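1. Below is the sequence, then the predicted model.
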Amino acid sequence: MKLALLVTAVAASLQPPAASAPAAAPTATETQSQTQNRTATPSTATSPSPSTSTNTSTSTSTQTQTQTQTSTTTGLPEAAPIAIDVQVAPEEVSLGEHVVVRIAVDHDTRDVYALPGFDPAPLAVPQGEPPPRVHREELSGHARTTFELTLADYGTLTPRLPDLTLHVTGPGGERSLTVRGRPLKFRSLVKEEGAPAADKGHHGPKPPVPVLVRSLLWLWLLLGLLGAVAAAVGIRRYRKRLQQPEETLVPVVESDDLALQQLAALKEDSPWKRGEGRPAIFKLSEIVRGYLGARLQFNALDLTSEEFLSELHRRRLMGLDLREIEDEVRWEDLVKFAKLEPSPEECLRGISRAESMVHHTRPLREREQGIASPRAA
C-alpha cells in the first residue's frame, strides 16, 4: 500500500504544476477501475480495495504517465483524463489480417473528445472501411468516450500501433491527448511450417493437379476447312463473273408505246412520197396486228383476215370499234391482194385511224398515271 502511494506521488510530481493536484486522484481512480473490470465510480475512487496488488498499481500509473505526455505535434496543452484504456485484437497479427483498436477514455463530463484524421503507418486502413466509430456514455460523476477503428497489416514485418492524437474541447480550452502506439507481435505463416501440430503448420503450395478439359480443336479445324472451301467457291464464281461479258439491259417497251413509236416512224418516213404506198400499207397492217395480238395475247400476224376478225369478236377489247377495224382490214386486203395503189391521203388517214385505235385501247395504267399526275401537281 505504501509503495502504491509512493508511485502515485512520483507521477503527480511529473505533471505540470497546474495539473499536479488533480493528477493524483485520476491515477488512483484508474488503478481501482482496472482491478474491478474497468468500471470507475465515486465510491471505488474514495475507498480502494485492500486486495489491489502492488504490481498492478505500479504498471497502471506508469501507463497513465506515458499516455499523458505533452503533445509536440499539435502545440496544444496536454489533456489530463481520468483513465485511458487501449485494447488491440488480435495482439498477434499476420500479413493482411485486420486489427481492431478500441480506445476508451474516462474524462470530465464537460469535455468533448474527438479523433481527427491520422496517419495509420506502418499499418493501413482497409479499403471500404467506414470511419472510426465514436461512442459516448455518461457514468457516475464522469463520462466515457470510446473510439473503435480497424487497421490492417499489408506490408510490414514489424507491425506497430500508430500514435493517435485526440482533440479535446471543454471549459479548459482546446487541448490534445496523445495515445502512444506500441509494437504488435507479428505472426509468420512461413515459420509455422515446422510447427508440431498439423493444423498450425504452413504446408506451402500444393502440387499441380491434372484437370481434364474438353478440347474443341476438331470443331475449329472443321470450321476452318468449311471456311476455306467457301472462300474458294466464292473466288471461283467471282472470276467466272468477271470473264463473262456484261449483259446490257434492254428496257422493256410496252406494246402500245411500241405501236405508237412505229406509227410515228412510218409517218416520218413517208414512203408514199417515193411511190411506195402499198409497202406503207403492208407496214401499217403489221403494226396494228402486232399491237392487237400483244394486247389480247394471241398470234395475230399468222392469222388470215377472217381469223383475225373472229378473234377480235371473241376476245372483246374495251375501246375497240369492231366495225371500223373491219372496214380497215378489208381496205388493206384490197391493197395487198388486188394491188390497189393507195393515195398519200389514204395512207395518212390509215395511220391516224391506227393511232386513235391505240390511244382508245391502251391499258389502264396510262389512264391511272394521267389521273394521278394532276392530283400530285
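-> In hand now; what should we look at? None of the values given here were measured: they were computed from a predicted structure.
2. May I have stretch 274-282 exported as PDB, CA atoms only?
-> This file holds the C-alpha atoms of stretch 274-282, laid out as PDB (Å, rounded to 0.1, in the frame of the first residue of the first chain):
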ATOM      1  CA  ARG A 274     -41.400   7.800-153.100                       C
ATOM      2  CA  GLY A 275     -44.200   5.900-154.800                       C
ATOM      3  CA  GLU A 276     -44.200   3.200-152.200                       C
ATOM      4  CA  GLY A 277     -47.800   3.500-151.000                       C
ATOM      5  CA  ARG A 278     -48.500  -0.300-151.000                       C
ATOM      6  CA  PRO A 279     -45.400  -1.100-148.800                       C
ATOM      7  CA  ALA A 280     -46.600   1.600-146.400                       C
ATOM      8  CA  ILE A 281     -50.000  -0.100-146.000                       C
ATOM      9  CA  PHE A 282     -48.300  -3.500-145.500                       C
END
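3. Give me the distance from that stretch to the chain's centre.
-> 83 Å (CA atoms, centre = their mean, to the nearest Å).
4. Identify each buried residue in it, please.
-> 277-278, 280-281 (16 or more other CB atoms under 10 Å). Bear in mind the C-beta positions are built from the backbone N, C-alpha and C, glycine included.
5. With stretch 254-274 instead?
-> Within stretch 254-274, the residues that count as buried by 16+ other CB under 10 Å are 255-256, 258-260, 262-263, 266, 271-272.
6. how many other residues sit next to Trp331?
-> 17 (other CB atoms under 10 Å).
7. right, I mislabeled it, should have said Pro251
-> A count of nearby residues for Pro251, using other CB under 10 Å, gives 4.
8. any residues touching the helix or strand encompassing Glu346, and which ones?
-> Following DSSP states H and E, one finds Glu346 within helix 344-361. Helix 344-361 is contacted from outside by 256, 259-260, 263, 266-267, 270, 272-273, 277, 280-281, 284, 287-288, 291-292, 295, 317-321, 324-325, 328, 331-332, 342, using CB atoms under 8 Å, 6 or more residues apart in numbering.
9. Now, these that are in helices?
-> 256, 259-260, 263, 266-267, 277, 280-281, 284, 287-288, 291-292, 295, 324-325, 328, 331-332 (DSSP state H).
10. Run the angle between the helix holding Glu346 and helix 255-269 for me.
-> 160 degrees (axes from the mean of the first three to the mean of the last three CA atoms, to 10 degrees).
11. Understood, closing this out.
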